[in-house]
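Trainee: Below is the sequence, then the predicted model.
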Number of protein chains: 4
Amino acid sequence: MSHHLRAEHLSDAMRECIASCSDCHDVCTETMVHCLRRGGEHAAPEHIKALLDCAQACDTSRDFMLRGSALHHAYCGACAQACERCAESCEKLAGDDEVMRNCAEMCRRCATSCREMAGAGH
Amino acid sequence: MSHHLRAEHLSDAMRECIASCSDCHDVCTETMVHCLRRGGEHAAPEHIKALLDCAQACDTSRDFMLRGSALHHAYCGACAQACERCAESCEKLAGDDEVMRNCAEMCRRCATSCREMAGAGH
Amino acid sequence: MSHHLRAEHLSDAMRECIASCSDCHDVCTETMVHCLRRGGEHAAPEHIKALLDCAQACDTSRDFMLRGSALHHAYCGACAQACERCAESCEKLAGDDEVMRNCAEMCRRCATSCREMAGAGH
Amino acid sequence: MSHHLRAEHLSDAMRECIASCSDCHDVCTETMVHCLRRGGEHAAPEHIKALLDCAQACDTSRDFMLRGSALHHAYCGACAQACERCAESCEKLAGDDEVMRNCAEMCRRCATSCREMAGAGH
C-alpha cells in the first residue's frame, strides 16, 4: 500500500508493529481452530486461553497504535507478555506439529516488535 | 442473574469489575456520539480518542477477566490508566454538560475498580 | 444507572437489547472456559466456535446500537442467528450441566431481543 | 507468509478477503483520526460513525472467516454494506483530500471482496 496516500500520524516502526500484531492475531485465531480439532493437550484450557489472549492483545495494541494513542506503550507492553506466553504454550506442543511451530515463531516476532514499541519514548 | 448457574472461575470482586468495565464501555461509546454531535471542543481529536481508548480498554480487560486469564492484572492496570485519562478529558468539558459529568464519574469508578483488580495478587 | 444523565440517541428498547447482548457475551465467554475445562464433547470445535461467535456477535451488535448506527438492524439480525446456533449447541450438552442450560436460556433471550431490534423500522 | 505452515481450514479466497478486511480496518481507523484533526465536515457524526462502523465490521467478518464459522456469509454481507456506506461518506469529502480518496478506494475493494464471500456457498 502506498503510504503517502495514508494518514500521517504513524511512524514506519509503528506501521511494522501494527502489521505484526495483525498477522499474529490471524495466526493465533487460525491455530486455535486447529488445536480444538486436534483435541487432547492441544485443546487444554490454558493453551486455548493463551491463543485467545494473544489474539485479543494483538488487536487491542494494533488499535491503540492506529489511533496514535498515548497509551499505546502500555498496550504494546502487555501484548508482548501475551505473545511470550502464547509462544511458550505453542512450543510445548510443537513436536510433530508445524502449525504450532509457525504460531510460536509468529508470537516471538510480535513480542519483539511490541517490546520495542513499548520501550520507545520511555 | 443467579450466579450459582454460572461458571465458577470468577470471584465476586472480579464480577463487579467486569460489570464496571461493561458499563463504562457503554457510557463512553454513547458519550462519544454525544460529543461528535455537540462539535467544537467536544469533538477535539484527543477527547474522542480518549473515549475510544477507554471503551476498548474496558472491553479488553472485561474479556481477560471473563476468561480468568493470568494477564488480567496487566490489562486491568492499563484500563485504569485509560479510564483516568478519559475522566480528566470529560471533566474539562463538564461545565454545562451533564452527560460529560456522568461519563467522568463512571470512568472514575471503573478506574478504581480496575486499579484494585490490577493490584490483587501482586 | 440513571438514564437522564446519559446521551439521548438511544430508545429504551435499544437499551434493553444492549443489556441483553452484554449479558449474553459475558455468559458465553465464561461458559466457553467451563466447556474447555470439562473437555470431551463440551470442547468440540463447533461448540467452542458457536460460543466465540455468539460472544463476538453480541459485542458487535451492542456497539452498533450504542453508536446509533443505521446498520444496527443488520447486525442485530446476524446476532440473533449466532445466539440461536449457540443456544442449540448448548442445549445438546445440557443433560447434567446447569451451566449449559443457563447459557442456552441467555442465548434464547438475546436472540429474541435482537430479532425484534432487527425487525424494528423495517 | 508461507501458507503450508498454517492451519488448513481456510481457502485462498477467504484468505484474500481476510487480508482486505484487515487492511480496510486499518485504513478506516487511521482515516478517522485524520478526519477528527481536520474538523468541520470531516468530523461530522455520521461520517465518523461510518468509519467506526466499517472498521468494526471488518474486524468482525475477519474473525468469523478466521474461525471458519458457518455465519461468515452473514457477517461478510453486513460488512459489504458498512464498507459501501463508508466509501460513499468518504467520497463526498474527497475533493482535495487524498486520504479520503484512498480510504474510499480501500472500502470499495473490501466491499467487493466481502460481497463475493457473502454470496459464496449460497
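Mentor: Everything's here; your move.
Trainee: Quick check: chain neighbours aside, which residue is closest to residue A:85?
Mentor: Once flanking residues are discounted, residue A:85 sits nearest to residue A:50: 5.3 Å by C-beta to C-beta, 6 or more residues apart in numbering or on different chains. Every C-beta, even on glycine, is put in place using the N, C-alpha and C of the backbone.
Trainee: Could you double-check that the one you found sits in contact with residue A:86?
Mentor: Yes: with contact defined as C-beta atoms under 8 Å, residue A:50 reaches residue A:86; the gap is 4.5 Å.
Trainee: Name the residue in those two with the higher neighbour count.
Mentor: The residue with more neighbours, out of residue A:50 and residue A:86, is residue A:86; 31 against 27, by other C-beta atoms under 10 Å in any protein chain shown.
Trainee: That one: which element?
Mentor: Assigned by DSSP states H and E, residue A:86 falls within helix A:72-91.
Trainee: And residue A:94, by the same measure?
Mentor: Using DSSP H and E, residue A:94 falls outside every helix and strand.
Trainee: per-residue confidence at it?
Mentor: pLDDT, residue A:94: 91.
Trainee: Output stretch A:53-66 as PDB, restricted to C-alpha atoms.
Mentor: Taking Å, rounded to 0.1, in the frame of the first residue of the first chain, the C-alpha atoms of stretch A:53-66 are listed here in PDB:
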ATOM      1  CA  ASP A  53      -5.500 -13.800  25.000                       C
ATOM      2  CA  CYS A  54      -2.800 -13.300  22.400                       C
ATOM      3  CA  ALA A  55      -5.200 -12.700  19.500                       C
ATOM      4  CA  GLN A  56      -7.100 -10.100  21.500                       C
ATOM      5  CA  ALA A  57      -4.000  -8.400  22.900                       C
ATOM      6  CA  CYS A  58      -2.700  -8.000  19.300                       C
ATOM      7  CA  ASP A  59      -6.000  -6.500  18.100                       C
ATOM      8  CA  THR A  60      -6.000  -4.000  21.000                       C
ATOM      9  CA  SER A  61      -2.400  -2.800  20.700                       C
ATOM     10  CA  ARG A  62      -3.000  -2.500  16.900                       C
ATOM     11  CA  ASP A  63      -5.900  -0.200  17.500                       C
ATOM     12  CA  PHE A  64      -4.100   1.900  20.100                       C
ATOM     13  CA  MET A  65      -1.300   2.400  17.600                       C
ATOM     14  CA  LEU A  66      -3.600   3.100  14.700                       C
END
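Trainee: so does it get close to chain B?
Mentor: Yes: for stretch A:53-66, a contact with chain B is found by C-beta under 8 Å from any C-beta of the partner chain, at A:53, A:56, A:57, A:60, A:63, A:64.
Trainee: Neighbour-wise, which one of those residues leads?
Mentor: Top of the residues of stretch A:53-66 next to chain B by neighbour count (other C-beta under 10 Å): residue A:57, with 32 neighbours.
Trainee: so who does it touch?
Mentor: A:75, A:78, A:79, A:81, A:82, A:83, B:60, B:71 (C-beta atoms under 8 Å, 6 or more residues apart in numbering or on different chains).
Trainee: cool, residue A:28 as well?
Mentor: Residues in contact with residue A:28, defined by C-beta under 8 Å, 6+ apart, are A:51, A:52, A:54, A:55, A:58, A:86, A:103, A:106, A:107.
Trainee: cool, residue A:108 as well?
Mentor: A:83, A:84, A:87 are the contacts of residue A:108 under C-beta under 8 Å, 6+ apart.
Trainee: Just put the residues you listed in TSV and tack on distance to residue A:26 and pLDDT.
Mentor: Shown next, in TSV, are the contacts of residue A:108 (distance: C-beta to C-beta, whole Å; pLDDT from 0 to 100):
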residue	distance to residue A:26	pLDDT
A:83	13	98
A:84	18	98
A:87	16	98
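Trainee: ok, so of the residues you listed, who is nearest residue A:44?
Mentor: residue A:87 (15.9 Å; C-beta to C-beta).
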